[in-house]
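Visitor: here is the input, now give the coordinates:
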Amino acid sequence: MARMTQRRKIHKFVLDGSPQSLEFPVRHREDVLAVEEPLEIRLGSLPFTVTMRTPGDDFDLVAGFLVSEGIIWAPEQLVSLRFCAGEDENGVQTFNVVEAQLRPDVVLPDRGRNIFTSSSCGICGTDSIDAVRKSSHFSPAADPLTVPVETLSGLPDQLRAAQAVFEATGGVHAAGLFRITDDGGTELLCLREDVGRHNAVDKVVGWALRERLLPLAGTVLQVSGRASFELVQKAALAGIPVLAAVSAPSSLAVELAEASGMTLAGFSRGNRLNVYAGQHRITAPAPVPG
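Guide: Residues are numbered from 1 along each chain as shown. Model (predicted):
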């Protein structure tokens, strides 16, 4: 986690009314922060976009971003990834520029996208909503996966238990890719953390592309925050049939999930969850005879 976290001296105010807080209301402490830095993505030698992210798994991030943009969908289309030269004011390599070399037949995107993307919104620079309704090369609708509701409701706790950076900082989102086993259990295939929820998902998708696992049939993507349109889009483009979030989905996320044939669950906390689309994949115990 060396590049993912940073220690900073802080002034901590304690106002709980205890004798110690009354005598020493301000305490000098160190806190651990999640790092946020820009990453420039180049296609060949041409700048494509800049995203704010937590350093780490950058090649996965770039690969997943290209899948999410509908530029590539097979590992053979991505010839190579490399860090380009870039130094800070002290002459230290920043590792903040990645060049993706694509196969010559890959159609490059036009320049209709603004160059800057924040860590809070992955599609804010897109010209119109129509531009993000991309056609997927995979079909989540055809995936026969079923998931016991008890298994789905237990995924947030499994995700939280594996979040090392969140444990240290409390300041990152997480995306976990789970496979449902034959006995209804789960296997965590990949977990990624980032200050941007969309970056965490891109890192998971990019990992899958580089591991030659796309499409991600028979899997569930569990995310730590809300389910936005862009997260549903990223999951659909990767062929993921089920997306679950601990918080709320947006109306457009539900519409896209329905149109893509995906299952979308939200407010997955403790022993409760809401299914907003694709409820046919969720199995529940038979009711107890009254």
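
Visitor: contacting residues for the closest residue to G225 other than its chain neighbours?
Guide: Nearest in space to G225, with sequence neighbours left out and distances taken as CB to CB, 6 or more residues apart in numbering, is R197 at 4.8 Å. For the C-beta atoms, the positions are set from N, CA and C on the backbone; glycine is no exception. R197 makes contact with 173, 175, 223-226, 228, 231, according to CB atoms under 8 Å, 6 or more residues apart in numbering.

Visitor: restricted to helices, list the residues you listed.
Guide: Residues of these located in helices (DSSP state H): L231.

Visitor: which of the contacts of R197 has the weakest pLDDT?
Guide: Minimum pLDDT for these is recorded at G225 (90).

Visitor: so which residues of this protein form helices?
Guide: For the chain, the helices defined by DSSP H occupy 19-23, 58-68, 149-161, 164-169, 197-210, 229-237, 251-260.

Visitor: not counting the last one itself, show me its contacts.
Guide: Contacts of helix 251-260 with the rest of the structure, by CB under 8 Å, 6+ apart, involve 129, 133, 136, 140-141, 227-229, 231-233, 236, 243, 249, 262-264, 276-278.

Visitor: make a PyMOL selection of the buried ones in those.
Guide: If you want just the buried ones from the contacts of helix 251-260 in PyMOL, going by 16 or more other CB atoms under 10 Å, the selection is:
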select buried, resi 136+140+227+228+229+231+232+233+236+243+249+262+263+264+276+277+278
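
Visitor: which of the contacts of helix 251-260 fall in strands?
Guide: Residues of those located in strands (DSSP state E): 243, 263-264, 276-277.

Visitor: out of those residues, which one sits closest to E187?
Guide: Within the ones in strands among the contacts of helix 251-260, proximity to E187 (CB to CB) peaks at L243, which comes in at 17.5 Å.

Visitor: run a quick check on the closest one versus G266, I expect a contact.
Guide: No. Contact criterion CB atoms under 8 Å: L243 and G266 do not qualify, at 9.2 Å.

Visitor: overlap in contacts of the two?
Guide: The overlap between the contact sets of L243 and G266 (CB under 8 Å, 6+ apart) consists of A227.

Visitor: about what we covered before: possible to save the helices of the chain as TSV with distance to R82?
Guide: Shown next, in TSV, are these (distance: least, CB to CB, whole Å):
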stretch	distance to R82
helix 19-23	52
helix 58-68	9
helix 149-161	31
helix 164-169	25
helix 197-210	14
helix 229-237	24
helix 251-260	33
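
Visitor: in terms of mean pLDDT, which of the ones you listed ranks lowest?
Guide: The minimum mean pLDDT among the helices of the chain belongs to helix 19-23 (a mean of 73).

Visitor: what's in contact with it?
Guide: With CB under 8 Å, 6+ apart, helix 19-23 has contacts from 14-15.

Visitor: mind redoing it with 10 Å?
Guide: Applying CB atoms under 10 Å, 6 or more residues apart in numbering, the external contacts of helix 19-23 come out as 13-16, 27.

Visitor: export the contacts of R197 to TSV and tack on distance to V67?
Guide: Listed next are the contacts of R197 as TSV, based on distance: CB to CB, whole Å:
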residue	distance to V67
H173	19
A175	14
V223	17
S224	21
G225	20
R226	21
S228	17
L231	13
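
Visitor: CA-only coordinates of stretch 78-88 in CSV, if you can.
Guide: Listed next in CSV are the C-alpha coordinates belonging to stretch 78-88 (Å, rounded to 0.1, in the frame of the first residue of the first chain):
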residue,chain,number,x,y,z
LEU,A,78,-4.3,-4.5,-26.2
VAL,A,79,-0.7,-5.0,-27.4
SER,A,80,1.1,-3.4,-24.5
LEU,A,81,0.9,-1.1,-21.5
ARG,A,82,3.9,0.9,-20.2
PHE,A,83,4.6,3.8,-17.9
CYS,A,84,6.0,6.9,-19.6
ALA,A,85,8.7,9.1,-18.3
GLY,A,86,7.4,11.7,-15.9
GLU,A,87,9.1,13.3,-12.8
ASP,A,88,8.0,15.5,-10.0
